[in-house]
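Trainee: sequence isn't available, so here's the structure alone:
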RNA sequence: GUCUCCUUCGUCUAGUGGUUAGGACACCGGGUUUUCAUCCCGGCAGCAGGGGUUCGACUCCCCUAGGAGAUGCCA
């Protein structure tokens, strides 16, 4: 049988890193099994619907670089792929349910529901609907309809017995029917289905074979099984993935860190790094390998390498992966990825001048092994485009020297640098070594003085290359500025 | 409260009755290096607790504890 799996986000917010991981596992499973991966939009909540969220789904997966085989934009003959366009189907099947006695109309007001919940909480009783409308007579119904009372449709959960199913990861899951949400709403008063109903009908009608979703759905799975049975449909295979938690051990959410994929894109994470990292959240290949391309994952992924326990999202490890992938990037590619960040931070203009072209090309090899995320580039190379905002005199003066001494050293450096452009790095370095020896200070201290003079910071890309990018004119300008600063001090 | 699921270093994980419990991130040392970073070497650190089963338990069973999720006219 052809494997068919789906990712079914609801467009109520931006794509979430946890959701993307669910999507990835579904995609990988489909590829590994030679099956189909389907995107279905579960837009049945009209209050929370966001047009932007829909765009975000497309943008996210374009960026990640993997796509569905069927979806709103790719017809696969099981459409439409948006639930809001499938209302007739839900209606039809709901009628079946009512006719066969599995569902009923409920006229309870939100206020009534609220009040019984309060009582239940107060009395420490199990929460849930009291099945008040389950045995309404036809008379009652007619009267309520005549009064124009709004209604919903509820599914009859048997009060006795139990429901069990097999989970590919967790094994047999059993729940007594008593503990299942008593008679949940399947059609809301606005005529739209709730998740449970639409999900079951769609998975069946789209011939989904495996439902791979997060474990937060585990407790409603028995209800879904009951629905399948009420319809007389075969229950698909289930696999409930371990949850992804934030650093605080709670369900990953805005409160405990970045969760929206756009945030990761903006900070400068690479899709390869994100994919590689999240693939390892609850899944592993063996005892040591941890670098995988999407292509490799497509071949290697399997459900039986899944972990049951929830995984805490580790931003530091993601950073490490990202740094690794940045280092693997061809120079030209990294350059193109860096330019938007330099533009955004106004270090360069929208149209690069020849000089900017030169500097941008030259800085790439200088920062490549220093970047953890792409947005790190700006503070690292700011000095190449901007004057130093303010010097910290303390950082300028080497150990065992005073301002006057420092001034003299810097003057010597300035002289030494005169024929910089004609010399190789090795030659210049030798000159610096000699100078340091002559002055009786460490080479590191000597160069630190120059480094701070040019960059305003004790941490910078390699000095000599930086000078070449900066140009002798600006270099001398900064040296002279610091010289003045020092003479004012001594 | 109730129900369900989960439990190996701080974190991600390997491990499926006999291992000095392995790897990675992080952290801490050391080396290379003009700073930082990279790179290399080394170190710290774990089977939640208690009962069984067994010649032998991280591995199987039970209990306890802890964690998470669910308990909606949200998904």
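Mentor: Thanks, I have it. Remember, it's a predicted structure, so these values are computed and weren't measured experimentally. Numbering: from 1, shown residues only, chains lettered A, B, ... in the order given.

Trainee: give me the phi and psi for residue A:166.
Mentor: Backbone torsions for residue A:166, taken as degrees, to the nearest 10, come to phi -100, psi 130.

Trainee: tell me how many other residues surround it.
Mentor: The number of residues packed near residue A:166 is 12, by other Cβ atoms under 10 Å. The way it works is simple: take the backbone N, C-alpha and C, and place the C-beta from them, glycine included.

Trainee: and residue A:263, by the same measure?
Mentor: Applying other Cβ under 10 Å, we find 14 other residues in the vicinity of residue A:263.

Trainee: quick check: it vs residue A:276, distance?
Mentor: Distance, residue A:263 to residue A:276, by Cβ to Cβ, to the nearest Å: 18 Å.

Trainee: just list whatever residues bridge to the nearest residue to residue A:185 once chain neighbours are set aside.
Mentor: Excluding the flanking residues, the one nearest residue A:185 by Cβ to Cβ, 6 or more residues apart in numbering is residue A:152, at 4.7 Å. Beta-bridge pairing of residue A:152, defined through DSSP bridges, involves residue A:106.

Trainee: residue A:152 contacts residue A:189, doesn't it?
Mentor: Yes: under the criterion of Cβ atoms under 8 Å, residue A:152 makes contact with residue A:189 at 5.2 Å.

Trainee: who's more crowded, these two?
Mentor: A direct count of neighbours by other Cβ under 10 Å for residue A:152 and residue A:189 places residue A:152 higher, at 19 against 14.

Trainee: the stretch 351-490 of chain A against RNA strand B: which residues are in contact?
Mentor: A:369-370, A:425, A:429, A:443-444, A:447-448, A:451, A:458-465 (Cβ under 7 Å from any atom of the strand).

Trainee: can you rerun that using 10 Å?
Mentor: A:366-372, A:376, A:380, A:425, A:428-429, A:432-433, A:436, A:442-448, A:450-452, A:455, A:457-467 (Cβ under 10 Å from any atom of the strand).

Trainee: just the buried residues of those residues.
Mentor: A:366-368, A:370-372, A:376, A:380, A:428, A:432, A:436, A:445-448, A:450-452, A:455, A:460-461, A:463-464, A:466-467 (16 or more other Cβ atoms under 10 Å).

Trainee: roughly how far apart are residue A:196 and residue A:158?
Mentor: For residue A:196 relative to residue A:158 (Cβ to Cβ), the value is 16 Å.

Trainee: and these two? Which one has more around it.
Mentor: residue A:196 (18 against 13).

Trainee: need phi/psi at the more buried one.
Mentor: phi -60, psi -50.

Trainee: which residues touch it?
Mentor: A:155, A:184, A:186, A:220, A:223-224, A:227 (Cβ atoms under 8 Å, 6 or more residues apart in numbering).

Trainee: would you mind measuring from it to residue A:318?
Mentor: Distance, residue A:196 to residue A:318, by Cβ to Cβ: 34 Å.

Trainee: residue A:271 too?
Mentor: Taken as Cβ to Cβ, the span from residue A:271 to residue A:318 is 12 Å.

Trainee: now do residue A:184
Mentor: From residue A:184 to residue A:318 the distance is 38 Å (Cβ to Cβ).

Trainee: is RNA strand B within reach of stretch A:214-233?
Mentor: Yes: judged by Cβ under 10 Å from any atom of the strand, stretch A:214-233 comes into contact with RNA strand B through A:214-223.

Trainee: of those, buried ones?
Mentor: A:214-215, A:218, A:220-223.

Trainee: in helices only, show me those residues.
Mentor: The members of these that map onto helices under DSSP state H are A:221-223.

Trainee: give me the neighbour count for residue A:92.
Mentor: 10.

Trainee: show me where the stretch 201-350 of chain A has strands.
Mentor: Counting by DSSP state E, counting those that start in this stretch, the stretch 201-350 of chain A has strands at residues A:210-214, A:237-241, A:244-245, A:311-312.

Trainee: cool, and the stretch 1-150 of chain A?
Mentor: With DSSP E, counting those that start in this stretch as the criterion, the stretch 1-150 of chain A has strands spanning A:4-7, A:36-39, A:103-106.

Trainee: show me the one of these that comes nearest residue A:173.
Mentor: strand A:4-7 (19.4 Å; Cβ to Cβ).

Trainee: what residues does residue A:380 make contact with?
Mentor: Taking Cβ under 8 Å, 6+ apart, we find residue A:380 in contact with A:367, A:370-371, A:460-461.

Trainee: name the element it belongs to?
Mentor: helix A:377-385 (DSSP states H and E).

Trainee: can you give me the buried ones in that helix?
Mentor: A:377-378, A:380-385.

Trainee: which of those sits closest to residue A:405?
Mentor: Distances from residue A:405 to the buried residues of helix A:377-385, taken by Cβ to Cβ, are shortest for residue A:383, at 24.7 Å.

Trainee: pull up the gap between the nearest residue to the closest one once chain neighbours are set aside and residue A:482, please.
Mentor: In space, and not counting its chain neighbours, residue A:383 is closest to residue A:455: 4.2 Å by Cβ to Cβ, 6+ apart. As judged by Cβ to Cβ, residue A:455 and residue A:482 stand 12 Å apart.
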